[in-house]
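# Have a look at this fold, sequence not included:
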C-alpha cells in the first residue's frame, strides 16, 4: 500500500491579552495541517501548519506558518509553533494542549499559548478553544489521507520491458526574458508485437512569434533504465536533463517546486487501470542551464516550466493538453481525452483539470472534472484548433479555460502507438491561454483571472 | 482554640491570668495553622486527653480547676515516663508560643536599623506566569543545590527558569516580623515535619526562595577529605577528587563570603562552649560562617533580619538572575514531562507545575535539574514515573541531633549572639560534632523539663540557659515514601544511638566544665544534674529511644554512584533511565557528609551542572 499522508483543518477561537493591556481581545485561528505520514494518535507526528490568525484590533489578518507536534498519547501533547507577521513585526505563537486523563475533553480542546516577539520578549498570552459544537464536524470532515508524494522519484520509469506500453517524459520551459519556448520530448514505445522497445524524441525551440524549429532523435533500441529516460546522447532523470540531437545540445538542471500534481486521479498513476495516466512531478519546476542550436543560444536561470510524465497503452483517440504557469506558485494542468479502448471510446471527451492555487489543488477529488457525480456536473471541453476550451463547475467555483494555439507557433509531429496506429500531435510551447475563475456569492463573481500570452504550453492530438 | 487547649496551656505554664493564656493560645493557633492537619489533630487530641484526665480526677474540665488542681494534674502526668514523653512533644509548640509571648511582654521593642536592600532578583509569582513557556533548562527548587545549578547554567548561556514552591521573603520583611510569625511560613509543614520511627525525629526543612539556606545557621564546613575519599573509592564519583572538589568548594566559599565568625558578636553561649572546651583541653573554635558583618541577631533559623547571612537568595540567585535566569515562585512542580517514545529511550521534555489556586502551567525544556531537597525530590520522581529505581527514596542520612542545656548563674541570652557560634571537633573522628547553638530570642529550642510551676520557672529563667547541640554522622537509615506528601521513616542504627548518648555525655561534661550550675539532659523523666558523676548515673539507664531527636540535613535519597544497582543517578548526576534529568541537591550525596552540608551540596551542584553544560553531559 502506498505511503499515506494526512491533511486536515482546525479552527479555534478564544482570547488573547497583549502585554501591557488590561483587556483581552478576541482571537481566531484557522489552520490547515499537513503531515508526511499517516496520522496515528498513539504516535508522535510532526506536521506543517499554514493558516490565518485574526486578533481583533491588532493589525491585519495575519498568515501563520509553522509546525505542530501531534502526540496526544505518547507525549500527551499537541503542540503548535506558529510564526506570523503583524503590525510590522514578526511574532511566534507557542502553545500546546496537554492531555489530562482526568479531563480529556477539556485538555484536548483548550490551547493555552504565549506570543513572543522577534526579541523573544513576551508579547501576549491567551487561550483558544476548539468548539465541539461548532468546529467538530468541519474538523472531522476535513481529514484527508492522500498518498505520499514521491517527488523526483516519479521521474523514474514505470516501463519494465512489457510490450504494448508507452512512456513519456516531456519538458516544457519558457525563457522569461525573451519568451522563447523549449520543448523536450522523450518517449519509450514498446510495440505490442514484442519486437522490443525503442526510444525516440525531439527537441523544439519556438521564439515568441514563431516559427518552431525542431530536431528528432532515435528511434533506437532501449532497455528499461532505473533512473529515467536514457538514449544515445540524451538523458532525462531526476534533477537533470541533457542531450544533443542534430544541431541542438542542452544541459539543464531541474528544481521541482512542490508536490506532484495529479492531473488524473492519483490511483490511476499507481495502478494502470486507465489506458494512460499523466502526472506533473513538482507541479512546476525551475530550469537552469543552456540550450544551443541554430539561431538559439538560451541561457536559462530559473526559467519556469514543468516535466510531465505519461505512462500507458498509447495515445488517446483525440486529446488536448495544457500546462499554464499562472505565477505566484499557481499552476493549471488540463488533459482532455477520448480513449480508444472499446466502450470508453463512446464517452464524450473526459476532462482532467487540476488548478493548484495557494498550495491547494482544486477540485479536491481527482475524478470530479471527468465524471462529475455519475456524469452530472462533469466538465465540458470543446477541442479544436487553433482554439479549444474547457469549462466546468465544482462546489462554489467554476472555471473557464480558453487555449489558443496559432498555427505559426505550432509544431505538428506524428507518433506511432504500440499497436502500430499513428496519430498527429500539434504542439505549441508558446500558446496563449485565458483562465477565468468565478465563485458563487449569490451570483457568479470573478475570483481570479489569468491571461497568458505565449507562455502557456499546449498540444492537441488527433488521428 | 478550644477551652481544653486553653486549660492545657494554663496547666503546663502555671499561668493564672486568662488574658495571657488566651494570648499564648492565639500564638499557638497561628503556629499550628501552618502545620499539617495531623499535627493539629494530635495537638487537639492531647488537650482533650489531658482534659479527660482532669475530669476523671476532679470531676471538672481542666479550665475550671483551681491552679493547684491543675498543677497536680500535669505533674502527675510528667511523673509517668510514657505520658512524660508524649507531653514533651506537646510542649515543643507550646514553648515556642509561650516563649514568644513572654519575651514580647518582657522586652521593650528596640528600633532595628533599617534592613539593607536585597540584591535584585527576577522573581515572578506563579499567578502571573503564563500557562505555556519554553526554556533551555528548568531548575526545580531554589535552595543550595538549585541556586548554584541555576547560576551555572545561566552563566553558560542557557535560558534558565527556577521553580520554587515557596515565596520570596525579603530581608526587610524579616526585620519587620517576629520570629514565630516567620517560623510557620518559612518551613514546610510549619516546621513540624517528623520522620516516623522509634524514636521519631523532627526534621524541619525550609520552603522559600533560598530553600533551607534561608533558615540554616550559616555554618559552613568544607567537605572532609575522608568523606570525599569514600565517595570516590566506594561510590565511584570522579567529581569527588579532592583537588577538583576543593576548587568547587573554594568558588562556593568565595560566593558566600565564608569566614570564621569574629568573636566580638559570638555571644555568651558560644564563649561558654569555648571556655568549657578549653578547660577540658578539647579542640574547639568559632565556626566558619557565611555571614560577614553578622550583628548577632540570633535569628538565623527564621531568616536573617539584617541581611548578613549570605543565603543563596542574597548571594547566588542574584548572579543567576543577572545572567538571565528567572524565578517562578509559589509554583509546586507536579511532575516532569517525559517523552517515552524518543529514539534512544525516554527523555525529559519539561515540567508541569501547579499554582496555589490549583491551576496548572507547563514549561518545556530539554534539561531539568531536580533540586527539591532530599525529602521532595524522590516524590517528584515518583509522580513523574521516574521513581522506579529501588534506591530512590532510600539511603536517607539525616545527621540525627540532640541538644543539652546548662543553666548558668550569669545571663546567657540578651546580648547580641550568633545562633550557631562555636564548634567542638574533639569527637568528630568518632562521628560526633558538637556545636554551640543558642535559641532565637523567645524561641526556646530546648525542651525544658517538667510541667506547671517547674516548667514556668524554667521558662522564666531560660535567659540563663546555654545550649549545645550534637549531630551524629549516621549510617543512612532513612527512607522517604509517598507521592504527594513525604512520609519519611528513620531507623536509628545502634552504632549511631551509642554515638548520641556519648554526645549527650560530652555536652553535659563540657557545660559543667564551663561552670554550669546544672545541666538538663533533655531526657524525659531524667532530672537535672550538677556533676559529671550524676550525669553518668542519669545517663546510665537511658536508651537512644528516650532522646528527643531532631535532624536538619537530609541527604542521599537519590544518590549518585557508579553502581547502577545502588545509585539512581550516575556519577555525573544524571538520573538513570531517562535523559535530561540532573540531580543537584542534598539527595545526590552518596552518604552522610559528616558536617553541615551547605558547601558540599553547592559544590556538588556546581560540578554536576557544569557536566550538564558539556555537549555529552545533559
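Nice, thanks for sending it over. Note that this is a predicted model, so its numbers are computed, not measured.
# going forward, measure contacts between C-alpha atoms and count neighbours the same way
OK.
# Residue of the stretch 151-300 of chain B nearest chain A, please.
Proximity to chain A, evaluated over the stretch 151-300 of chain B using CA to the nearest CA, is greatest for residue B:159 at 11.1 Å.
# ok, now which ones touch that residue?
Taking CA atoms under 8 Å, 6 or more residues apart in numbering or on different chains as the contact definition, residue B:159 lies against B:135-137, B:153, B:324-325.
# Mind doing that once more with 7 Å?
For residue B:159, the set of contacting residues under the criterion of CA atoms under 7 Å, 6 or more residues apart in numbering or on different chains consists of B:135-137, B:324-325.
# Please state the offset of stretch B:27-43 from the chain centre?
What separates the centre of stretch B:27-43 from the centre of its chain is 18 Å, taken as CA atoms, centre = their mean, to the nearest Å.
# Any buried residues in that stretch, and which?
Of the residues in stretch B:27-43, B:27-35, B:39-40, B:43 count as buried by neighbour count, 16 or more other CA atoms under 10 Å in any protein chain shown.
# go on, stretch A:118-127?
Judged by neighbour count using 16+ other CA under 10 Å, the buried positions of stretch A:118-127 are A:122-127.
# again with stretch B:253-270
Residues of stretch B:253-270 classed as buried by neighbour count (16+ other CA under 10 Å): B:253, B:256-263, B:265-270.
# Stretch B:471-489 too?
Buried residues in stretch B:471-489, counted by 16+ other CA under 10 Å: B:471-476, B:478-481, B:483, B:486-489.
# Those residues in strands, which ones?
When strands are assigned by DSSP state E, the members of the buried residues of stretch B:471-489 inside them are B:471-472, B:478-481, B:487-489.
# and the two most separated of those residues?
Farthest pair in those (CA to CA) is B:471 and B:481. Separation: 24.1 Å.
# ranges for the helices of the stretch 101-250 of chain A?
Shown for the stretch 101-250 of chain A, the helices assigned by DSSP state H, counting those that start in this stretch span residues A:104-109, A:136-141.
# The buried residues of stretch A:118-127 also near chain B: which ones?
Here is what survives when those are matched to chain B using CA under 7 Å from any CA of the partner chain: residue A:125.
# Return the subset of the buried residues of stretch A:118-127 lying in strands.
Secondary structure from DSSP E places A:122-127 of these in strands.
# Same list (those) but as CSV, adding pLDDT and distance to residue A:29.
CSV is the format used below for these (pLDDT from 0 to 100; distance: CA to CA, whole Å):
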residue, pLDDT, distance to residue A:29
A:122, 94, 19
A:123, 95, 17
A:124, 95, 15
A:125, 96, 14
A:126, 96, 12
A:127, 97, 11
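# wait, which of these is closest to chain B?
Out of these, the member with the shortest distance to chain B (by CA to the nearest CA) is residue A:125, at 6.7 Å.
# In contact with the residue lying closest to that closest one once chain neighbours are set aside, which residues?
Spatial nearest neighbour of residue A:125, excluding adjacent residues (CA to CA, 6 or more residues apart in numbering or on different chains): residue A:114 at 4.3 Å. Going by CA under 7 Å, 6+ apart, residue A:114 touches A:93-95, A:124-126, B:130, B:132-133.
# What of residue B:417?
For residue B:417, the contacting residues are B:265-268, B:296-298, by CA under 7 Å, 6+ apart.
# returning to that earlier point: residue B:575: which of the helices of the stretch 101-250 of chain A is closest?
Ranking those by their distance to residue B:575 (criterion: CA to CA) puts helix A:104-109 first, at 29.4 Å.
# Many thanks, we can stop here.
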